[in-house]
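Q: sequence unknown, structure follows:
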């Protein structure tokens, strides 16, 4: 067989492989969607009768320590704390950990909440960078600020866990706003199943474009920038079909660092957050799975689709790229670190399905996708390309991508309906189509670059450029609604 | 062949896409049209319905022309159910009668027999809001429903309709396996007051553990002085969780005469009991607790020590005196916690203010502050040395700290606010 024959054989085999890959991947997506559809439907109905307001006053509800790691968050930190103080919950404390900020984060907090240094006594259960001081508020009895030397987000969270008093802690990003009933909703699995629940994640939504007043999202609107709308659609898909589905299969690997609730004792048992990975939230969840499986104790790590945390997302390609590099690199680090869990029946569905899925489709998926594009070029060069078939296949892949995004929009519309305006719904439908033309491909390229960084063991956090909640421009309609609001 | 399969797949997916888009848009359009229609009806009926609620007598048709079916009837029902949560007395009875007259109670009672749990739960919920005594029998039957949510809605509805008939099934419902459900039933019972206590006490011996735990919490919330004796008895229960909850409930009663039982619990072998008893002693402000609470500062469990320190802080001058003594305790935690509590209760600030006065008060203050500085917990002292409004205090404190190599710079300028 000459070189051309070998190349033909190789490309034909590769094309078959891509077809098979495409079929398996989309079958998994479809199954996840169907599972999620059922879960969301049941969730919405059960939630209708949850009596959250009544439970807020109950002393039987478990108290929560809310941890807010903050580094250079002077633009949003005060607003975030105001929003947390207005949360409907019986007993909770807010612990802000200033991770060696070089801006005015600490000064803003001291000024806004009349902080003063105290000699807080606590057990240093997890080693962290040096704590420079602990501050208590004169006006807010449940607010503490820990000022420490820079050690990264994981280190800041560990410092917060050391200081926390309560059996549950909730991690909230300093650039996020949580809804008033969010803690009540997210604590529910712990109350329903106190022995088994180890961690609960909540849905994260995008605050860009929304209007915040007094720490509350008062007007929900889609942002104007297309890049941010792409992310809105992507978040809907990831949370409403991805995480809901994996959670139902007892294989949730990611609880967003922006909003998650954990059992403090179990997190201490695994040594707290890991400082050596880029995504400490994902790494913690994987280690919790591992720890509980090794203990042979029944447990659950669940995702609740309703507790809403609003967070700011990148509005420029540059920042988005840096964020995604870090996310994907973190995923690769955790998968590599816990490779022994893969195909290991001891870890159940997690080891036999979820971990392999993440390796095959999340880790190597982008390569297969990019290689597929290269194979098309090579096939064309070798005169092997069946244009008709290729275009049909491309078109089908495109339609299927749209289907997954539209399915997420449908889930949103039949359940939570957070975007009430017609204009926003139309935009979501449009962007569910358009994102398949270049946004998804760009994300695949970012993942390939992340793999390269992972191999080279590069670690960069990637600073998020904050607009700050108040600076968001309001549409005239929003201004009108603001004026009309009491 | 493959191309045909692809074409078929494309046609299917495209069809599904179109269908999805149509479903999304139609779903929103229909929902909004219905809501708008109902709002229009509500605006039209509201004046008459308001008059009906404000009047002393007369049936609903005399005030508002509510149709017997369709969006108009639904709008009127919504209005009445919304108001049933905010009105009291005669107006609430008139709402019940109006809903009965509209056939709402019969309709929802029939829905209780639905095969769907959602319909049954929703019907129970709405019957509770109607507060119609006619629904009691049907709701009582659904306390045994196969679905947990339906049972809870029925229990809650019975609680809302009120009367002793609802108490017994609700107490039985405390035994629900889910803590979330137990908690909701406990909330309903705690909000009913009155006769709940006697039913809880009477059924205590036949209750499962989960109900007993909830019972103690409910008794604490009800704050009925007569339940102190019952709770004191529970302090010697075999189950440590029950002892801890009983101690907590006694603290909430606020009756200082129960201090002896609580002081006894400070020697309990289980730390949650010791911690809760310490907290309760702080709540009832029993001066007799000072000495045993001071001893508890050296407990091996963090929560017990922490609660003891907080209780001493809440005990006023005698507690503060005990905390000052604890500055010389052999246990480092006891010393550190004592400093923190003195700081929180404002005692350190008071001593700092005494420094420039001269004489015995100043000497006493200097001795205490030196002791605190020697313990290394100087955050508050440093703050005061920098920002106390009185320059003499700042200078004295700065000198005291500088002598220990803690604050080497000059005392800070007076604060802007001063």
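A: Alright, I've got the coordinates. Keep in mind it's a predicted model, so treat the numbers as computed, not measured.
Q: so residue 36 is in which element?
A: This is for chain A. Using DSSP states H and E, the element containing residue A:36 is helix A:3-48.
Q: To clarify, I was referring to chain B.
A: For residue B:36, the host element (DSSP H and E) is helix B:2-54.
Q: Same question for residue A:202.
A: In the assignment (DSSP H and E), residue A:202 maps to strand A:197-206.
Q: Now do the residue lying closest to residue B:329 once chain neighbours are set aside against residue B:328, distance only.
A: Here the nearest residue to residue B:329 in space, its sequence neighbours aside, is residue B:335; by C-beta to C-beta, 6 or more residues apart in numbering or on different chains that works out to 5.5 Å. From N, CA and C alone the C-beta is placed, and that goes for glycine too. With distances defined as C-beta to C-beta, to the nearest Å, the gap from residue B:335 to residue B:328 amounts to 8 Å.
Q: With residue A:443 instead?
A: Residue A:443 sits at a distance of 64 Å from residue B:328 (criterion: C-beta to C-beta).
Q: next one: residue B:350
A: Residue B:350 is 20 Å from residue B:328, where distance means C-beta to C-beta.
Q: who are the neighbours of the host helix or strand of residue A:187, in terms of helices and strands?
A: Secondary structure assigned from DSSP H and E places residue A:187 in helix A:182-192. Under the contact definition 3 or more C-beta pairs under 8 Å, 6 or more residues apart in numbering or on different chains; DSSP states H and E, helix A:182-192 sits against helix A:52-56, strand A:64-70, strand A:168-172, strand A:197-206, strand A:259-263, strand A:300-311, helix B:179-192.
Q: on that earlier part again, counting neighbours, go ahead and name the busier of residue B:335 and residue B:328.
A: Set side by side, residue B:335 and residue B:328 show more neighbours around residue B:335, with 22 against 11, by other C-beta atoms under 10 Å in any protein chain shown.
Q: List the residues that contact that one.
A: Applying C-beta atoms under 8 Å, 6 or more residues apart in numbering or on different chains, one finds that residue B:335 lies in contact with B:326, B:327, B:328, B:329, B:375.
Q: Recalculate using a threshold of 6 Å.
A: B:327, B:329, B:375 (C-beta atoms under 6 Å, 6 or more residues apart in numbering or on different chains).
Q: Residue B:225: neighbour count?
A: Applying other C-beta under 10 Å, we find 10 other residues in the vicinity of residue B:225.
Q: can you give me the helices in the stretch 301-418 of chain B?
A: For the stretch 301-418 of chain B, the helices identified by DSSP state H, counting those that start in this stretch occupy B:302-314, B:316-326, B:332-344, B:347-354, B:359-375, B:379-387, B:391-402, in order along the chain.
Q: What angle do helix B:332-344 and the second one make with each other?
A: For the pair helix B:316-326 and helix B:332-344, the angle between their directions (axes from the mean of the first three to the mean of the last three C-alpha atoms, to 10 degrees) equals 140 degrees.
Q: Give me the nearest residue to residue B:99, chain neighbours excluded.
A: Counting by C-beta to C-beta, 6+ apart, the nearest residue to residue B:99 once its immediate chain neighbours are dropped is residue B:130, at 4.6 Å.
Q: And residue A:394, how close does it get to residue A:378?
A: Here residue A:394 is placed at a distance of 16 Å from residue A:378 (C-beta to C-beta).
Q: ugh, wrong one, residue A:327
A: Applying C-beta to C-beta, one obtains 31 Å for the distance of residue A:327 from residue A:378.
Q: who has more neighbours, the two?
A: Between residue A:327 and residue A:378, residue A:327 has the larger neighbour count (other C-beta under 10 Å), namely 19 against 16.
Q: out of everything not next to it in sequence, what's closest to residue 354?
A: No chain specified, so I'll use chain A. Take residue A:354 and drop its neighbours on the chain: the residue closest to it by C-beta to C-beta, 6+ apart is residue A:251, 3.5 Å away.
Q: please go with chain B instead
A: Setting aside the residues directly before and after it, residue B:354 is nearest to residue B:365 in space (C-beta to C-beta, 6+ apart), at 3.9 Å.
Q: got the contact list for that neighbour?
A: When contacts are taken as C-beta under 6 Å, 6+ apart, residue B:365 is in contact with B:351, B:354, B:355.
Q: could you redo the last one with a cut-off of 8 Å?
A: Residues counted as contacts of residue B:365 (C-beta under 8 Å, 6+ apart) are B:351, B:352, B:354, B:355, B:357.
Q: And for residue B:54?
A: If you count contacts by C-beta under 8 Å, 6+ apart, residue B:54 has them with residue B:91.
Q: Strands of chain A, start to end?
A: Per DSSP state E, chain A carries strands over the ranges A:64-70, A:92-99, A:115-118, A:131-137, A:143-148, A:168-172, A:176-178, A:197-206, A:211-213, A:216-219, A:259-263, A:300-311.
Q: between those strands, which one is nearest to chain B?
A: Smallest distance to chain B across these (C-beta to the nearest C-beta): 3.8 Å, for strand A:115-118.
Q: If you count contacts, what does that closest one end up packed against?
A: With contacts defined as 3+ C-beta pairs under 8 Å, 6+ apart, the packing partners of strand A:115-118 are strand A:131-137, helix B:332-344, helix B:379-387.
Q: measure the residue nearest to residue B:354 to residue A:123 for me?
A: In this view, residue B:365 and residue A:123 are 31 Å apart by C-beta to C-beta.
Q: And for residue A:232?
A: Taken as C-beta to C-beta, the spacing of residue A:232 relative to residue A:123 amounts to 42 Å.
Q: out of those two, which sits in the busier spot?
A: Regarding residue A:232 and residue A:123, a neighbour count based on other C-beta under 10 Å identifies residue A:232 as having more, with 25 against 10.
Q: pretty sure the more buried one is touching residue A:221, no?
A: No: under the contact definition of C-beta atoms under 8 Å, residue A:232 does not touch residue A:221, with a separation of 10.8 Å.
Q: which regions of the chain lie under the pLDDT threshold?
A: Assuming you mean chain A. Low-confidence segments of chain A, defined by pLDDT under 70: A:1, A:53-54, A:57, A:458-486.
Q: try chain B instead
A: When the per-residue scores of chain B are filtered using pLDDT under 70, the ranges that remain are B:1, B:163-165, B:177, B:194, B:407-418.
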